[in-house]
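In: everything below, folded, please.
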Amino acid sequence: MALTATMYRFSIQLSDVDRGVYETLDLHVARHPSETGEYMLTRVLAYCLEYAEGIEFTDGLSSGDEPAVVVRDLTGRVTAWIEVGAPDADRLHRASKLAQRVAVYTHREPRILFEQLGGKKIHRAEELPIHTADETVHHGDGAAALPRRRGDALRHDHRGAPHPMTMMTIVFGILFGAVGGVYIALGRKTYDPTYLVTGAALIFYPYFFSNAFVIVIIGAILTAIPIGRAKGWF
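Out: Numbering: from 1, shown residues only. Next comes the predicted model:
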């Protein structure tokens with residue numbers, strides 16, 4: 001009996017300050033039977049960080065000719081080709097000729113991907129950003145630098161933020177950002193400025209901290225402020 005895909009639902013409050021993207025996303029993601037949880041989560045993160053008009057998930061593992069995430073313009077032309085995992089050099093070479101933007105998001109050990117791509121011919125390799133979901137973003141030098149930077153961990157945020165975005169900081173940022181979105185909605189409904197101010201703070205503050213523990217502490221404090229005020233604690 002053939003195994004079927006498992007459906008997952010993600011409710012995400014997306015706040016990308018650097019790009020000016022603010023969206024509420026309700027994603028229904030199908031996890032292929034042979035797809036790991038890490039791969040699926042990396043697909044979702046890639047979708048959020050690359051979010052633009054025309055973005056969509058493809059059939060993923062079911063279709064070897066397409067990337068995990070793709071962006072198309074109104075004519076159907078591919079404008080962004082977003083790979084997840086460890087694509088080979090030939091695939092990236094073809095993608096770079098096809099699409100204006102190509103990016104890689106990997107949940108695997110970056111050293112393995114560097115060794116796999118090192119010294120291989122990739123069209124516009126210097127423009128290819130490689131992002132690692134478990135550590136940080138490998139960006140700036142692009143794939144062209146892989147032969148001489150094999151195994152290096154370059155700590156730069158791909159949106160130009162002053163700190164690396166690790167998997168945990170992204171997850172907690174999305175979590176507290178969602179709470180902030182709820183608080184803002186409550187503030188508009190009740191005309192309570194406390195909800196509005198703390199809601200906005202919950203959405204934006206994760207961008208200024210790289211330590212997941214600090215993000216959790218600050219988020220918990222901000223979350224508790226409207227609750228404590230309503231209960232008369234202060």
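In: buried stuff in the helix or strand harbouring residue 180?
Out: When elements are assigned from DSSP states H and E, residue 180 belongs to helix 167-190. By neighbour count on 16 or more other CB atoms under 10 Å, the buried set for helix 167-190 is 167, 169-170, 172-181, 183-184, 187. All C-beta atoms are positioned from the backbone trio N, CA, C, and that covers glycine.
In: then stretch 45-58?
Out: Neighbour-count burial for stretch 45-58 flags 45, 46, 47, 48, 49, 50, 51, 55, 57 (criterion: 16+ other CB under 10 Å).
In: dump these to JSON lines, plus secondary structure and distance to residue 209.
Out: As requested, the buried residues of stretch 45-58 are arranged in JSON lines below (DSSP: H, G, I helix; E, B strand; the rest coil; distance: CB to CB, whole Å):
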{"residue": "45", "secondary structure": "helix", "distance to residue 209": "18"}
{"residue": "46", "secondary structure": "helix", "distance to residue 209": "23"}
{"residue": "47", "secondary structure": "helix", "distance to residue 209": "24"}
{"residue": "48", "secondary structure": "helix", "distance to residue 209": "19"}
{"residue": "49", "secondary structure": "helix", "distance to residue 209": "18"}
{"residue": "50", "secondary structure": "coil", "distance to residue 209": "23"}
{"residue": "51", "secondary structure": "coil", "distance to residue 209": "22"}
{"residue": "55", "secondary structure": "strand", "distance to residue 209": "27"}
{"residue": "57", "secondary structure": "strand", "distance to residue 209": "30"}
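In: closest to residue 197 among the residues you listed?
Out: Closest approach between the buried residues of stretch 45-58 and residue 197, by CB to CB: residue 48, at 25.1 Å.
In: now that closest one. Nearest residue, chain neighbours left out?
Out: Computed as CB to CB, 6 or more residues apart in numbering, the closest residue to residue 48 that is not its neighbour in sequence is residue 14, at 5.7 Å.
In: just to check, residue 124 is in contact with residue 94?
Out: No. Residue 124 is beyond contact range of residue 94, at 11.8 Å (criterion: CB atoms under 8 Å).
In: and residue 103, helix, strand or coil?
Out: Three-state assignment for residue 103 (DSSP: H, G, I helix; E, B strand; the rest coil): strand.
In: which residue ranges of this structure form strands?
Out: With DSSP state E as the criterion, the chain has strands at 6-16, 21-31, 55-57, 69-72, 78-84, 101-106, 130-132, 137-138.
In: what's the local residue count around the residue nearest to residue 48?
Out: Applying other CB atoms under 10 Å, we find 18 residues neighbouring residue 14.
In: that one: what's it in contact with?
Out: Residue 14 sits next to 21, 22, 23, 24, 25, 48, 51, 177 when contact means CB atoms under 8 Å, 6 or more residues apart in numbering.
In: tell me the bridge partners for the fifth one.
Out: This points to residue 25. Assessed by DSSP bridges, residue 25 has beta-bridge partners residue 12.
In: burial check on residue 74, number of neighbours?
Out: Burial of residue 74 is recorded as 7 neighbouring residues (other CB under 10 Å).
In: mind checking how far the closest residue to it other than its chain neighbours is from residue 210?
Out: Nearest residue to residue 74 in three dimensions, chain neighbours excluded: residue 54, at 7.5 Å (CB to CB, 6+ apart). Shown here: residue 54 relative to residue 210, a distance of 31 Å by CB to CB, to the nearest Å.
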